[in-house]
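Q: just a sequence and a predicted model for now, questions to come.
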Amino acid sequence: MMGPEVTWYLVVAAILFTIGALGVLVRRSPLIVLLSLEIMLNGGNLALIAFSRHQGTSDGQIFALAVMAVAASEVVVGLGLIVAMSRRRLPLDVDRLTTLRG
Amino acid sequence: MTAVATTAWICLLSPLTAALLIALAGNRITRRGAGYLATTSTFVSFGAAVVGFLSMLGEHPEERAEVTTAWTWLKAGNFEAGLSLLVDPLSMLMMLIVSGVGSLIVMYSIGYMDGEDEERRYFAYMAFFVFSMLLLVESANLVLLLAGWGLVGLASYLLIGFHHERPSAVAAAKKAFVMNAIGDATMALAIFLLFWQTGTVTFDGVFGSVDGLSDTVVTLAALGLLGGAIAKSAQIPLQTWLPDAMEGPTPVSALIHAATMVTAGVYLLVRLNPIYEAADFVQHLAAAIGAVTLIVAGLIALVQNDIKRVIAYSTMSQIGYMFLGAGIGAYGSAMFHLMTHAFFKALLFLAAGIVIHALLGEQDIRNMGGLRDALPRTYWAMLVGGLALAGIFPLSGFWSKDSILASALAGGTYDRILFVVGLVGVFLTALYTFRMLFLAFGGERSAYAREHLHDTSHGEAPFSMGAAVAVLSVLSVVGGWLQVAGVWHPFSDWLEPVAAPLVEPSTTQDWVTSLVSLTIALAGIWLAWLIWSKRSVVVPELPEARRVLEHKFYFDELYDRLFYRPADAIARALRRDVEEPIVTGSINATVTSVREAGRASTLVQTGFLRSYALALMAGLAVLAVLFVALR
Amino acid sequence: MDVGNVLVWIVWFVAAFACLGSGIAVVTFSNPFFSALALIGNLASLAVLYLLLSAEFVAAAQVLVYAGAVMVMFLFVIGYLGGRADAPWAGGPSWQQTAAICAAGAILVEVVVAVGLKSGDRLDDEAGIDALFGGPHEIGRLFLTNHLLAFEITSIVLLVAAVGGVILGAHSRRFDQEARR
Amino acid sequence: MSGWLTTTLIFLPLAAALVLWIVPWPRLWAGSLATLVALTEVGLWIVGLTEFDFAGGLQGEQQHTWFSDLGVSYHVGMYGFSLWLVGLTIVCTAAAIAYAWWAGRDRPRTYFGLMLFLLGAVVGVFTSQDLVLFYAFFEGMLIPLYVLIGVWGGADRTRATFTFVIYTMAGSLLMLAAIVVFGLSQGTFDLIESGTDDSAWVFLGFVVAFAIKAPLFPFHGWLPVTYRESPPEVSALLSGVISKVGAYGLLRIAIAKFPEPAQDFQVPLLVLAGVGLVYGSLLAFRAPDVRGVIAYSSLAQMGLITLGLFALNDQGFDGAVLQMVVHGLISTTLFLIAGGIERRTSTGEFALLGGMARGRPALATVLMTTGVIALAVPGSAAFAGEFLILLGVFNTGWGWAVVGAVAIVLAAMYMLRLISAVLHQGRGSAVTDAALDLRPAELGIIVPLLACVLALSAWPAAISERAFPGDKAAQVVEAQFK
Amino acid sequence: MIDTPSIDWLALSPVLAPLAGATVALLLSVFLPDGMRRAAAAFFAAVGLLVGLVLAAYVYWKSPDAQGIVADAARRDRLATLAQMMIAGAGVLTVGIAWRDQPRQEHIGEYFALLSTAAAGMMFMVSASNLMTLFLGLEWFSISLYVLCAIDIELETSLESGLKYLIVGSFGSAILLFGFALVYGATGALELGAIGQAGRALEHDSLLLVGLAMVLTGLGFKASAAPFHMWTPDVYQGSPTAVTAFMSAATKVTALVVMLRVLNTAFPAQEDLWSGAVAAIAVASLAIGNLAALVQRNVKRMLAYSSISHAGFMLIPIAAATELGAKALLYYLIPYGAASLGAFAVVAARERELREPVTLDNLSGMGWERPFLGFALAMFAFAFIGLPPGGLFVGKLLAFSAAVDADMIWLVIVGVVATAVSVYYYLAIVRSLYMRTELRLVPAGGAPPREILLTASVVLTLGIVVASFVFVQPLLDLAGNAASSLGF
C-alpha cells in the first residue's frame, strides 16, 4: 500500500476520538457537545475504514456509511431538542441543566 | 384397681374437683356455698383416707405398698414419669394428717373468713392446696413429687398474698415463692442427676439402684433434694420467708405454714431415706441444720410481738426437731412429731385466729393482755396447745419430742451433741410459748383490747371455728398416746416397711430423756411466769443481742445484699450497657451509617451531564486497563 | 521509497494534521459557529484520509452528505439560535476537567498501546485489494446483498430522526398561543 | 392422613385472604368470615390429628414439581412435631383473629386478610419439606407482619417495622445464600432427598437466620420495640408462633442436615442460649411495662428451647418441642391479656397499673393462672417442657442445667412482679372504675387457650411422646427424619 | 449481477409488525381529526405490538434450531424471539399506561408511533447478530427513546432528560462504535459467530480486549449498570412516566439479552476476563443503586435507582457465563419487567391524579384511597425485594444459584447484602401507601378519571409477577430453550 500503514490511521482515529470525548467532557454549550460527538463518531469511522482497508473487505466502509446516517439522525434530534429548549427559554448550557439531580 | 388405690385417687381428686368447681362457678355459687363445698370435699378426702387406711390395715405389712398409675404424665426417650400414686404406710399417714387437719381447718375457715369479700377465691385456693399437698405425699416418683412440691408452693403463694391490696402481703407471697423456687431448682437438679445415673425417677427404681451409685453422685443428689426440703420447711438458710408468710389469713398459717406444707421437708427426708442413708454426710447435715434452726428460731421467737410470728418461729423450731430426728435416722419419731405437731400447732394457730378475729385483726401481743376472761375457751385451747408444744406430760408433744431426743441420746457422739442442743431448744420453747400466753391472756387488758374486743356474748366464735378448735384440742392431748416409749409403738411399726429407724433408744434412755426434758420444760415455764406474769425478774437489756434477734440474725438483709441487689444491679447494668447501646444500638448505628453512605453516594449524582459522561469514560478506562493488564 | 509514496505521505500528513487541528479547533472555539465551520474542515480532511484508504465512495458521501447537508443544518440552527459563545474550559468543578483529561488520555494511551502491541505482528501486512474496492459498485452490491438489512434499517433510523426532529423542532401551536397571551 | 389436608391447611387461609380483599364485604362480615375460616382450620387440624399415626414418619405428604432445573418442588408433609406446631399456629391465630374481631380493628377486610395470609404462610413454613418452599413461606410471613404492625401498631410503629423487617430480612437472606449453596451441592432442595452437609459456613447461615427469627441473644435487637408497638394480637403471634419458626428451623434443618457442625458448634450455641436465658430473664425483671416483661421472657424462653435443641438428645428434643407449643400458647394468652389491660387503661406501664384484681375476678384468675404457668410452676405444662429440656441438657453438661435452674428462679421473680404489679397492691392511677373485668367475648377467646395449656399440664406426654416417630428423637434427627 | 439474499420474512415479521403499526399510526395522525388521533394511534400501535408478540411466539415455536437470516445479519433463534415477546409485551402494556398520558400533547400520534418504533428497534436488536446491525438497532431504538423522553416539550424536566439522554447516550454509542471498530479490526469480521471463531485464535489480543472493554461499556450503559448508570435517575425521573416504564422494562431486556448474546457468541474465548468485569460491574450496580435509592423522596427516581440495582442482580448470572446463568437472566427479566412496568404505571396514575411529581410524601394514603393501585404498588415493592409471591423471588434464587454454580459465592453474598439494604426503601413505599397517619391527598379536582387501560395493564403486570412465581417451570423451559440457542 502506498503511504502510511494502517497503524498511523488508527492513531489519528484514536486521537480524534479522544478530542471528541474531551469536547463532550469539558464544553458546556450543547451545540459544541453535539459537534464533539460528531468528531467521536468520525474517529470511529476512520478506524472502521482503516481496518476495512487492512482487511481488504468493504464491510467496514458500509459500516461507516451507516454510521454517517446515524450521526445525521442524532444531529437532527439533538438540534431539535436544542431548538425546543431555546423556545422554552432554557439556558443553552449543559451545566445549568441540573433540575434533575441527587 | 384395688380399694386402697381407689381411695387414694378419691382422696386426691376430691379437693381438686371442689377447687375447679368453685373457680368455674364464679358468682353462681354463694360465698358460704363455696366454703361448704370445699369443706365437704376435704372431708370426703379424709373419709377416703380413713377407708384406705382401714383396708390397708387388713393387709400384711410387707404388702401395704401399692403403685397405681393413671397415665404416663411425661415421657421422652427413655425418660418416663407416670401420673402414679404410691400408697404405702408413709403416704397413708400423710394423707390422713393432711386431709384430716386440712378438713378441720377448712371448716374453721367458714367461720373465720365470713364477711371477706373474696371468700370464694379463698376456698378454691384452700381446696387446691389440699389437693397439691396430697399429690405431694401420694406421688410415686420424683417428678410428680416435684410437681406437688411446686403446687403447694403455688398455693402457699396464693394464700399468703390473699389480701392482695396489702403490699406487705404481696411481698411476702413473692418471697415465699421465690425461695421455694430455689429449693425446687436444686431438687430438679438432683432429679436430673439421679435420672442419668439410675435411668428412672420412680422411688422404687431409684432406691433399687442407689447402692450402685458413687458417693459423689449420691451426696450431690441428696444435697439437691435437701435444698428443696430446707426451702419448703423453712430451715436455715432458706428460712426467711416463713415469718413473712404470716401475712396470710390465720387458717392458712395453720394449715400450710404449720401443720402440713412446711413439714413436707421432713416427709421428703423420710421418704427418701435410702438415698440419705447412702449419703450419710448429707443426713448428718440435715440433722445439724435442724439443730441450728431449732435454736435460732427459738431465740428469735423470744423477741417477736406478733402472735402469729411467735407461733411461726416455733414452727421452724419444731421442724428443726423433725429434721434432727430424720437426720439421725429416727424416722418414726420424726413422723410422729410431725403428726402431733400438726395437731397442736394447728390448734395454736386456730386459737390465735380466734383471738385475732375477736380483736378485729390485731396481732400484736402487746395490744392484748387479760383475754382469759373474755375468751375462756380459747384460752384453754391455747393452753393445751402451748403445753403440748412445750412437751409437758402427758400431752402429745411430750411423747413425740422425747422420742426424737431419746433417739439422739442413743446415737454416737455427734448425735449426743444434737441431744444437748435439743434440750436447750426445749427450754427455749417453753419460754417463748409461755411468754406469748402470759402476755396475751394474762395480766391487764391493754387499751387496745379494751377498746376493740368485740362483743363475745353470743359465743367466742362461730360453730365451725369452735368445733375445729375443740377437735384439735382433743387430738393435741391424746395424739401422743399412739406411742409410749418402750411400752408400745404401733406408729413406728406402721412405718417400719417404708423407713426402718437407724437408732432404737433403750427404755432407760427414753426414761432419762423424758425426765430431763420435762424438767427443763417446766423450768422454762417457770421462768416465763416469773418474767412475764409475776414480773419479778427483769430481762437483762442486752440491746445488741436484742437487735440481732429482732433483725432475725440479719438473714433478710444479707440476702438482699447478696442476691437481690446484685441481680437488680446486673439487670440495670445489662439494660444500660448491653441492651441499649449494643443490641439495639447496633441496629440503629447500622441503619444510620448505611443511610449516610446512601446520602454520600447521591452526592456524585450532581446533575452535571458532563460528569455522567466522565463516569462512563473513567469506567471504560479502568476496564480497559484491567483487561490489558490482566490478559 | 518512490515519489508516489512520498507524495502520499505528504498528503497524509497534511490531511491528518488538518483533521486533528480542526478537531481541536471544534472543541476549543468558544463560538459554536466557528466550531461548526472547523468541523466542516475536519470532515473534509477526513474525506482525504478515506481516499488514501481507497474508500472513494465513503469519501464522496462524507463530503456530500456530511460536510454538506448535515453541517448546513447545523449552521442553520446555530444561526437561528444566535450562536452564543461560551468559554471553552469554564464552569463545572475543576476536578471535572482534570479527570476528563486523565480519562481521555488514558483511553488514548490504551488504544495506542493496543494498536502498538497489535502492529507488532499482523497490522503490518495488508490485504491486497482490487480496483473495485471502495467503489460505488462494490458498496452498492454489499448494500443489496450482505448488508441489505443494515441498509434498510439505516433508512428507518433516518425516518425516526425525521419524525423526532419534526416533533421537537416544530412550533407548538398551543405553546405559541400561551406565549402570546 | 391425606396430603390434601396439608395443602388445604396452607391454602385455605390464603384463598380466604384473597376473597376478603377482592369481594367488598360489609364491615362486620370480614371479621366473622375470618373467624369462621380460622375455626374451620382448627377443625381440619383436629381431623388431621385423629388421622395421624404418631409411630410413622412423614405424613400428609404431597409433592408436585415446581421447577425441576434446581430440583425444587412443592413438597409438604408433617411429622409429629410439625403437626403440633401447625396446631399451635392455627389455634393461636384463630384466637388472635377472634380477638381482633372483638377489638374491632379498623379496615377489617385488609386486616383479616393479612391475618389469614399470615396463618397460611406459617402453616406452610411448618409443613414445607423443600428448602425453597420453606424459604418462600418463611419470607412470605414478613409481608403481613410488616403491614399489620405498620398500619395497626403503636406510636413508634415505623421504627418497629423497619427494625423488625430489615433485621429479619438480613438474617433470612443469609439463609438464602446458605440454601442455594446447600441445594446446589446436594443437587436438590428437597429436605427428604438431600443428605447431610458438613460446611460450617452454610450451617451458620441457617443458624443466624433462625437465631434472628427466634430471636436468640444477641440477635434480639428488634424484639423490644416490635413486641411493644405491635397490636397485641400480632405481638401474641410474633412471640407465640413466629418465634417458633426459628426453633423449628434449627431442629428441622440446622441440626438435622448439619450433624457435624451442630456438634462442633454445640458449645457456642449452648452458651448463647444460656446467656440469652439469663439475660432475657434479668431484663424481664427490670422491664417497666407488661409487654416488656413478656417480650424479654420470650427471649429467655427461646434461649431455653435452644438449650434443649442443642442438648442433642431425646429429652432435649422432646422437651424443646413441648416447650415450643406450651410457650406459644402461654405467650399468646399473655399478650392477649396485655391487650385487654391496655384497652382498659391505655397503658402497660407498671407504674400506672395495680390493684386490678379487686372487682375483676375473671381478669385476675386468667392472668394469675397464665402467669404461674408461664413461670413454670412445677406440675404445669411449661414445667414439663423445662424439666425435659434441662434434663436433656444436664446430660450434655450439668452446668447448663444449673444455668437453667437459675433462670427458673429468675422467671419466678419477673412473672410474679408482673402479676402483682398489675393485679395487686394499691390501685394504679390509670386504673379507673371504667376499666371493667374481662368481657365474656374476651374470656371466650382466652379461656380455650388456657384450657389447652391446662390440658397439656395434665398430660404433657401427649406431645413429648408424640413429637417424633416412635419417640426416638435423637435417632430420628440423626437419620434426618427419613 | 446482484443476487439479493433470500429474506426470511417470517423471522423478521415480529419486528415488522410493530413497525407497520407505527407507520399506520403515523399516517392516520396526519389524516384524522384531532379528536380521533389518540385512539387510532394507540389502537394501531397496540395491534402492531400484539401481532409482533404473537408472531414472535410463533417464530419461537417454529425455530427449535438457531439460524442466521439475511446473510447472517440477524439470527432467528429462540433467544431473540423470547426477548421479542418480552419487549412486545412491555410495549403493549406501555400503550395501556400511556393511553391517557399527556392530554395536551399535539403529537399524540407520533408518540404512540415512536413507542411502537422503539419497541421494533429493540426487537430487532435482540436478533441482530453482526456489529453493524447491532449498532443500527441500538441507534434505532435509542433515537426513538431520545425523542420520547423529550416529547413533553412543555416540561422543562422532560427536555432536560431528553438532552441528557441524547448526549450521554450518543457518547456511549460512540464508545460502542469505536469498540466495534477495534473488534472488527482485530478479528476481521462483523458477524458475531465469526468474531468468536477468530477470537479463539487471538485469545487475549490487546486490540480485541480494548474493543471488548468498549463494547462492555456501551452495553452496560444501556443496561444502566454502574458506573455507566448516571444518566438513569435523571432520565427516568424527567421522562413521561409511561416512557420511563417502557424504558425500565424493555431497554433492560434488550441490553442484557444483547450483552448475553454478544459476550457468549463473540467473546467466548475471553470469558475469564469479561466474567470478572461483569461481576465487578454487578457489584458496583448493586452497591450504588441500593445506597442511592435509600435517600430518594421522588418515587420515579427511587425506582430508577432500583432498576440500577436490579441490573446488578441480572448481571450476576451473566457473569456466571453458564447455561443456568442464561436461563436465570431470561427468567429474571420476565417478572422484573412486569413489576417495573406495573410500578411505573401506578406512579403514572398517581401523577395524573395529583398533577405533580410523585414523592413518598404525596403517595401517602394512596393504598387506602385507591385500593387496587395501592395494593398493586405494594405488591410490586415486595416483589422487588424478592418476597413471595413475586417471581423475582425465584429470579434471585436462580441468579444466586447460577453464581454458586460458577463458584462465585462472594457475588451471592454481595447480592444478599444489597437486597437487605433495598428492603429499606421498598418498604418506605409501602409505608407511604398505607402507614402514614396524616393523609395529605392533594385534591386534583374530583375523582380521578377511571383509567381502564392503565388498570388493565397493572392487573396484567401483577398477574405476570405472581404467575411467574407459580408457574416457574414453563417459563424456565422457555428460557432454557432460548439459552440453548447460544450453544453453551
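A: Thanks, I have it.

Q: does the closest residue to chain D within the stretch 101-250 of chain B count as helix, strand or coil?
A: The minimum distance from the stretch 101-250 of chain B to chain D, using Cβ to the nearest Cβ, falls at B:G150 (2.4 Å). Placement of C-beta: from N, CA and C, glycine included. For B:G150, the secondary-structure state derived from DSSP: H, G, I helix; E, B strand; the rest coil is helix.

Q: so where's chain E shaky on pLDDT?
A: Applying pLDDT under 70 to chain E picks out residues E:1-2, E:437-449.

Q: before we move on, back to that, quick one: residues contacting the residue of the stretch 101-250 of chain B closest to chain D.
A: Counting by Cβ atoms under 8 Å, 6 or more residues apart in numbering or on different chains, B:G150 touches B:180, B:184, D:377-379, D:383.

Q: which helix or strand contains E:E353?
A: For E:E353, the element it lies in under DSSP states H and E is helix E:323-354.

Q: how far does that helix sit from the chain's center?
A: Centroid separation for helix E:323-354 versus its chain: 8 Å, with Cα atoms, centre = their mean, to the nearest Å.

Q: repeat that for stretch B:364-375.
A: From the chain centre to the centre of stretch B:364-375 is a distance of 29 Å (Cα atoms, centre = their mean).

Q: among the contacts of B:G150, name the ones in helices.
A: Among the contacts of B:G150, the members found in helices (DSSP state H) are B:180, B:184, D:383.

Q: distance to chain A added to the residues you listed, as a markdown table?
A: Formatted as a markdown table, the ones in helices among the contacts of B:G150 follow (distance: Cβ to the nearest Cβ, whole Å):
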| residue | distance to chain A |
| --- | --- |
| B:N180 | 65 |
| B:D184 | 63 |
| D:F383 | 60 |
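
Q: looking at these, which is nearest chain E?
A: Distances from chain E to those, taken as Cβ to the nearest Cβ, are shortest for D:F383 (39.0 Å).

Q: burial measure for the residue of chain B found nearest chain A, as a count.
A: Of all residues in chain B, the one sitting closest to chain A is B:G607 (3.0 Å; Cβ to the nearest Cβ). B:G607: 20 surrounding residues under other Cβ atoms under 10 Å in any protein chain shown.

Q: which pLDDT value goes with it?
A: At B:G607, the pLDDT value in this model is 82.

Q: repeat for B:E59
A: Here, the pLDDT recorded for B:E59 equals 82.

Q: next up, phi/psi of it, please.
A: Phi and psi for B:E59, reported as degrees, to the nearest 10, are phi -100, psi 160.

Q: leaving out sequence neighbours, find the closest residue to it.
A: Nearest non-adjacent residue to B:E59, counting by Cβ to Cβ, 6 or more residues apart in numbering or on different chains: B:V4, 8.0 Å away.

Q: list the contacts of the helix or strand that contains that neighbour.
A: When elements are assigned from DSSP H and E, B:V4 belongs to helix B:3-25. Residues from elsewhere that reach helix B:3-25 (Cβ under 8 Å, 6+ apart): B:1, B:29, B:34, B:37-38, B:40-42, B:44-46, B:48-49, B:51-52, B:55-56, B:59, B:66, B:68, B:70, B:85, B:87, B:91, B:95, B:99, B:102, B:120, B:123-125, B:127-128, B:130-131, B:134-135, B:138, D:365.

Q: and that helix, what's its mean pLDDT?
A: On average, helix B:3-25 scores 89.

Q: now do whichever helix or strand comes after that helix and helix B:3-25, the angle between them.
A: Next helix or strand after helix B:3-25 toward the C-terminus (DSSP H and E): helix B:31-57. Calculated by axes from the mean of the first three to the mean of the last three Cα atoms, to 10 degrees, helix B:31-57 forms an angle of 170 degrees with helix B:3-25.

Q: report whether helix B:31-57 contacts chain D.
A: No: using Cβ under 8 Å from any Cβ of the partner chain, helix B:31-57 stays clear of chain D, with a minimum separation of 12.3 Å.
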